[in-house]
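[1] What shape does this take:
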Amino acid sequence: MIRFWLLLPLIALVSACTTIQVEPLPEGMTEQPPANWTGRSEQLRQFDHWRLMGKLAIRQPSDSGTALINQWVQKGEVYDLALSSSFLGMGSTRLKGTPGFIELTLPGGDIYQSGDPEALVEAATGWQLPLNHLIWWIRGLPAPGEDFRLLFGTDQQLAIIRQSGWEIRYDRWQQFLPSHPSLPAKITALKDDKRVRLVISDWRELGNTK
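    Residues are numbered from 1 along each chain as shown. Down below sits the predicted model:
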């Protein structure tokens with residue numbers, strides 16, 4: 001007969017397994033994507049030449065503020081983002097670049113370049129913006145190359161993306177373009193004590209010249 005003391009490690013292991021905590025889903029949400037999710041997400045990935053306008057609001061421990069998005073032009077991986085704000089004297093600020101490069105033009109005309117877009121924006125403005133991810137999140141897609149979790153609401157729309165420590169909440173969707181799926185009209189991105197909110201007033205499709 002196997003002695004009882006030989007079973008103790010096994011009992012302890014089983015007990016440990018049963019105490020693993022699985023984070024519950026928010027009420028009314030599911031991880032099961034709707035039947036049209038694969039086709040819809042592929043359409044959104046191909047929608048990579050666009051212009052939008054709207055408003056950006058940032059809240060973080062060091063400071064908070066808002067800015068108008070005069071235009072955000074995206075052509076594949078190349079972006080051109082024009083902001084205007086009285087906050088911290090930002091004035092008219094322009095960000096041009098790709099996921100691995102940025103050129104930042106400040107109101108006085110000073111131009112800075114960096115291979116780390118997010119670090120340069122934080123150094124120049126104090127704002128922590130996940131630029132490399134926003135290009136995907138703003139269309140309602142997880143950024144490629146990293147783990148993520150998708151949650152869908154009862155309306156079968158994407159409700160939350162959790163990725164890279166951020167929780168992206170899709171507060172409102174709108175049918176801006178008749179030939180495309182509905183697009184985000186209001187997004188809230190949360191990470192620790194930081195919050196970035198985007199309200200989009202207009203999306204336009206640009207011709208793809210690739």
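[2] Next up, phi/psi of the residue sitting nearest the centre point of the chain, please.
    Centroid-nearest residue in the chain: Trp137, 3.5 Å away (criterion: C-alpha atoms, centre = their mean). Backbone geometry at Trp137, expressed as degrees, to the nearest 10, gives phi -60, psi -30.
[3] for it, what are its contacts?
    The neighbours of Trp137, taking C-beta atoms under 8 Å, 6 or more residues apart in numbering as the test, are 130, 143, 161, 163, 168, 187, 189. All C-beta spots, glycine's among them, are computed from the backbone N, C-alpha and C.
[4] Mind picking out the helix or strand in this structure with the poorest mean pLDDT?
    helix 4-18 (a mean of 40; mean pLDDT, DSSP states H and E).
[5] what's the spacing between Leu150 and Asp171?
    16 Å (C-beta to C-beta, to the nearest Å).
[6] If you count surrounding residues, which of the two has more?
    Higher neighbour count among Leu150 and Asp171: Leu150, with 21 against 13, using other C-beta atoms under 10 Å.
[7] name the element that one belongs to?
    In the assignment (DSSP states H and E), Leu150 maps to strand 149-152.
[8] How about Asp193: what's its closest non-neighbour residue?
    Pro61 (5.4 Å; C-beta to C-beta, 6 or more residues apart in numbering).
[9] For that neighbour, give me phi and psi.
    phi -60, psi -40.
[10] tell me which residues in the strand holding Leu150 are buried?
    150-152 (16 or more other C-beta atoms under 10 Å).
[11] now stretch 184-203
    184-190, 194, 196-200, 203.
[12] Any chance of the residues you listed in CSV with pLDDT, distance to Glu103 and secondary structure as columns?
    Converted to CSV, the buried residues of stretch 184-203 look like this (pLDDT from 0 to 100; distance: C-beta to C-beta, whole Å; DSSP: H, G, I helix; E, B strand; the rest coil):
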residue, pLDDT, distance to Glu103, secondary structure
Pro184, 96, 26, strand
Ala185, 96, 29, strand
Lys186, 97, 29, strand
Ile187, 96, 25, strand
Thr188, 95, 28, strand
Ala189, 93, 24, strand
Leu190, 94, 29, strand
Lys194, 89, 24, strand
Val196, 90, 21, strand
Arg197, 93, 25, strand
Leu198, 94, 22, strand
Val199, 96, 26, strand
Ile200, 97, 24, strand
Trp203, 96, 24, strand
